[in-house]
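**Student:** Below is the sequence, then the predicted model.
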There are 2 protein chains.
Amino acid sequence: MKYQRPMRVGLVGLGTVGTGVVRLLETNRELISRRAGRPIEISAISARDRTKDRGIDISGFQWFDNMNDLARSDAVDIVVELIGGSDGPALSLAQTALGAGKPLVTANKAMLAHHGMDLARLAEQAAIPLKYEAAVAGGIPVIKGLREGAAANEIAHVYGILNGTCNYILTTMEKAGRDFGDVLKEAQALGFAEADPTFDIDGIDAAHKLSILASLAFGTQIDFDSIDITGIRDVTADDIREAAGLGYKIRLVGVAENGEDGLFQRVHPMLVPVGHPLAHVDGSLNAVVAKGNFVGSLFFQGAGAGEGPTASAVVADLIDVARDEYGDPFAMQVAQLAQQPKADSGKRAGRTYLRFIVQDRRGVLAEIAAAMRDAGVSIESVIQRGAQQDGSVLLIIVTHHSAESAIRQTLDALSGSDALIAAPMVMHILD
Amino acid sequence: MKYQRPMRVGLVGLGTVGTGVVRLLETNRELISRRAGRPIEISAISARDRTKDRGIDISGFQWFDNMNDLARSDAVDIVVELIGGSDGPALSLAQTALGAGKPLVTANKAMLAHHGMDLARLAEQAAIPLKYEAAVAGGIPVIKGLREGAAANEIAHVYGILNGTCNYILTTMEKAGRDFGDVLKEAQALGFAEADPTFDIDGIDAAHKLSILASLAFGTQIDFDSIDITGIRDVTADDIREAAGLGYKIRLVGVAENGEDGLFQRVHPMLVPVGHPLAHVDGSLNAVVAKGNFVGSLFFQGAGAGEGPTASAVVADLIDVARDEYGDPFAMQVAQLAQQPKADSGKRAGRTYLRFIVQDRRGVLAEIAAAMRDAGVSIESVIQRGAQQDGSVLLIIVTHHSAESAIRQTLDALSGSDALIAAPMVMHILD
């Protein structure tokens, strides 16, 4: 055996995932030791509150009030960062650990989305691992799937359901026919959504993850700022019902493509055909599809969050390091990662779902149809539901394959119209 | 960069997959060089026929008539074995390569199922990689998913659709309502099935793959000989139609579980509920489900065979080696792998589909129902179709949750009965 000395872990952050890592390393101790070729043991911990009851015994671990002292401690071979947040203490800890020559495992997608390239450079300079399987899609080994499993391929696109909270809300709306606000409140009460749900429901968390997947898939630098992000706040029970009638489910999908035009990255609610694997991804599951020029489409599905699955990914990283099986964090040296311009989404084309809420009066459909004709958008389906109690009319239009610029031109033409009671809802349809 | 010198590959076997590897390394040359940190180049080849037109240019590679000379050549850093067959030339080549200290990449599941432990010991002794991602489920990185991605987990079970030919035949029977023999002939004509289809349709190929997955999942020695194997020859168009009416699809599923009783491994046609992800695995796709005690269920799906997908997996292995990211072939030292006894399948329990073809006369249902009652098997559904043209009657029975030993007792009791025109068909139902 190459190593037999235990690998001593300094764990920072004892929230859900941190507690899960303690439990997992204890529960599967013997198995992990066999698989890793040596024991993996927590030696030191640091968290905000030393005395809080977490249902685990932390008395055997050396406590550090200052997490950066933990990172520098001789009692720690590898640091696990599970405190979260893109900057502040997490970033300071990451920099301290890597700066001190300590391997780092993190689940922090926000930090990687904003500082991943800088941290990867630090890891490279010190020739030590920076691992982050838990940062994307929880327990699903999709970082490994792209970095290694699909490494022989030029990847055309990667997309997926990357936020369990949004997927839980959308599938609950679907099953119960209930509206967004109502389901969100319930999800918060049940602990499936945060008290401040912005990062989840506005798509920011999914975008953090997408930026990491895109880098691995395309060999490009992480570029979070160029992602177009739309969350699920404006998806209504009407949308879900009408989409179902047309043969679709609505999912928050993060999509990244790399083409001659540049890098396209978008997080947005999409209509997914019921026959597509993503349409069967229910509740808090996550799933990722990647298409390579030799392997074709790969599909990965599993639990995208939660104590057990996320801890599983963190400890998988620890095992890789204990086995001495690791390399450049983003699959190649940072200097080798291309810097791609942002692609012009107007040149993209596809079918689109448009939902209008309009006045119940003559000429409204004619006005909308004329705007579409003038922009060169042709119509596949129209559903008009008779006036609602408030006198408004729900009008759903599905377009044929059209350039997104033409859809925008249609909406611009209609933007001043007093026929529209509310801003139109635009959702693209997944092929 | 750790390495910049090209990694020189000696490729043995230029069938579909070998040709695919040549094409892939050429097409994605620059990308692979960036990802691997060094170029990966074929330097030498060997195959049965030097002059056959394969649509690729092999004039730039050193030709070896003797593949073992290739394995020992100083012009070769790593050997790729793509000739197939559990023994004979493939095994000789593998032993020669590993014995000469040359890393080995293989897609040969038959060889691993029979000699995997011996080959892994050779690799261990020489501290060199033995990699085989392409041996199971084609392009899907499921070896990596189990060996590394799920490594932190105790795995309760692993199961999946592991043979694309069988899946193609079953889904074609399903769509067209046609019988097995008819669809097999067409599949052979189209090149989706071999001229001698035994290994595929009798479940042997799937069992080879299952034995490898079980070893990785459970940390046990490969034990191909203890797998119970039933192929798809006896699945009829009637079975598929009746199963569909009951809400199931029929798939050839390999299942492995590790319990206190020992290791259970079986390949057999199963009824899969239409809501289960495996029910949507159509055509030549493969899929694998693994359930871990922390991660929950992971689901992997993709192309299970073919030039591109299999070459993708072979080259992923080459990239891992070029990156110096590899370790024990079966996730731990062979001496650490447990030797599990074969579990008694009679103690397993579940719901079962039974298809009888019986005489059209009074008392037959009573006789069968009595045999089931006497064995303690209770009945969930019965479908009896009026007499066929030949006077026989199709009788489908779905049992409630019952011990498999009780199902066997039922069939034993009926085995002498002249009411049965043909041997009953027994298929277990996936939960």
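**Tutor:** That came in fine, so what should we check first?
**Student:** going forward, measure contacts and count neighbours with C-alpha atoms only.
**Tutor:** Noted.
**Student:** And whatever residue of the stretch 301-431 of chain A ends up closest to chain B, what's its pLDDT?
**Tutor:** Relative to chain B, the nearest point of the stretch 301-431 of chain A is A:P309 (3.9 Å; C-alpha to the nearest C-alpha). A:P309 carries a pLDDT value of 97.
**Student:** tell me the contacts of it?
**Tutor:** Contacts for A:P309 (C-alpha atoms under 8 Å, 6 or more residues apart in numbering or on different chains) come out as A:138-140, A:303, B:294-296.
**Student:** Report the contact partners of the residue positioned nearest the centre of chain A.
**Tutor:** With distances taken as C-alpha atoms, centre = their mean, A:A206 lies nearest the centre of chain A, 2.9 Å away. Contact analysis of A:A206 by C-alpha under 8 Å, 6+ apart lists A:161-163, A:200, A:254, A:267.
**Student:** ok, now A:V358?
**Tutor:** Going by C-alpha under 8 Å, 6+ apart, A:V358 touches A:364, A:392-395, A:419-422.
**Student:** Quick check: bridge partners of it?
**Tutor:** A:V393, A:L420 (DSSP bridges).
**Student:** quick one on the thing from earlier: quick one, which of the contacts of A:V358 are buried?
**Tutor:** By neighbour count, with 16 or more other C-alpha atoms under 10 Å in any protein chain shown, those hold A:364, A:392-395, A:419-420 as buried.
**Student:** okay, these in JSON lines with pLDDT and distance to B:N28 next?
**Tutor:** Compiled in JSON lines, the buried ones among the contacts of A:V358 are given as follows (pLDDT from 0 to 100; distance: C-alpha to C-alpha, whole Å):
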{"residue": "A:V364", "pLDDT": "94", "distance to B:N28": "53"}
{"residue": "A:S392", "pLDDT": "92", "distance to B:N28": "56"}
{"residue": "A:V393", "pLDDT": "94", "distance to B:N28": "53"}
{"residue": "A:L394", "pLDDT": "95", "distance to B:N28": "50"}
{"residue": "A:L395", "pLDDT": "96", "distance to B:N28": "48"}
{"residue": "A:A419", "pLDDT": "94", "distance to B:N28": "54"}
{"residue": "A:L420", "pLDDT": "96", "distance to B:N28": "51"}
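**Student:** got the contact list for A:D202?
**Tutor:** Going by C-alpha under 8 Å, 6+ apart, A:D202 touches A:229-233.
**Student:** hey, where'd the strands end up in the stretch 101-250 of chain A?
**Tutor:** With strands called from DSSP state E, counting those that start in this stretch, the stretch 101-250 of chain A shows them at A:104-106, A:130-131, A:155-161, A:228-229, A:248-259.
**Student:** With respect to burial, which of those scores highest?
**Tutor:** When you average the neighbours per residue for each of the strands of the stretch 101-250 of chain A (mean count of other C-alpha atoms under 10 Å in any protein chain shown), strand A:130-131 leads with a mean of 28.
**Student:** helices and strands around it, which ones?
**Tutor:** If you count contacts as 3 or more C-alpha pairs under 8 Å, 6 or more residues apart in numbering or on different chains; DSSP states H and E, strand A:130-131 packs onto strand A:104-106, helix A:109-126.
**Student:** That one pairs with which strands?
**Tutor:** Pairing partners of strand A:130-131, with direction, according to DSSP bridges: strand A:104-106 (parallel).
**Student:** what about chain A, any weak spots by pLDDT?
**Tutor:** A:1-3 (pLDDT under 70).
**Student:** Please repeat the previous calculation with a cut-off of 80.
**Tutor:** A:1-4 (pLDDT under 80).
**Student:** Using the record's domain definitions, break it down for me.
**Tutor:** Using automatic domain parsing, the domain ranges for chain A come out as A:7-135, A:142-303, A:348-428.
**Student:** Could I get the contacts of A:P309 in CSV, plus columns for distance to B:A152 and neighbour count?
**Tutor:** Shown next, in CSV, are the contacts of A:P309 (distance: C-alpha to C-alpha, whole Å; neighbours: other C-alpha atoms under 10 Å in any protein chain shown):
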residue, distance to B:A152, neighbour count
A:G138, 14, 29
A:G139, 10, 32
A:I140, 12, 34
A:A303, 15, 23
B:F294, 8, 26
B:V295, 9, 29
B:G296, 12, 20
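**Student:** and the stretch 251-400 of chain A, which residues reach chain B?
**Tutor:** Contact residues (C-alpha under 8 Å from any C-alpha of the partner chain) of the stretch 251-400 of chain A with chain B: A:277, A:280, A:293-303, A:308-313, A:315-316, A:319-320, A:323-327, A:331-333, A:336.
**Student:** Name the next helix or strand downstream of the helix or strand hosting A:V272, please.
**Tutor:** According to DSSP states H and E, A:V272 maps onto strand A:262-273. As assigned by DSSP H and E, the chain's next helix or strand after strand A:262-273 is strand A:285-292.
**Student:** Check which residues of the helix or strand following that next one are buried.
**Tutor:** Using DSSP H and E, the helix or strand that follows strand A:285-292 in sequence is strand A:296-303. Buried positions in strand A:296-303, judged by neighbour count with 16+ other C-alpha under 10 Å: A:296-303.
**Student:** picking that back up, just the buried ones out of the contacts of A:D202, please.
**Tutor:** Of the members of the contacts of A:D202, the ones counted as buried by neighbours, 16+ other C-alpha under 10 Å, are A:229-233.
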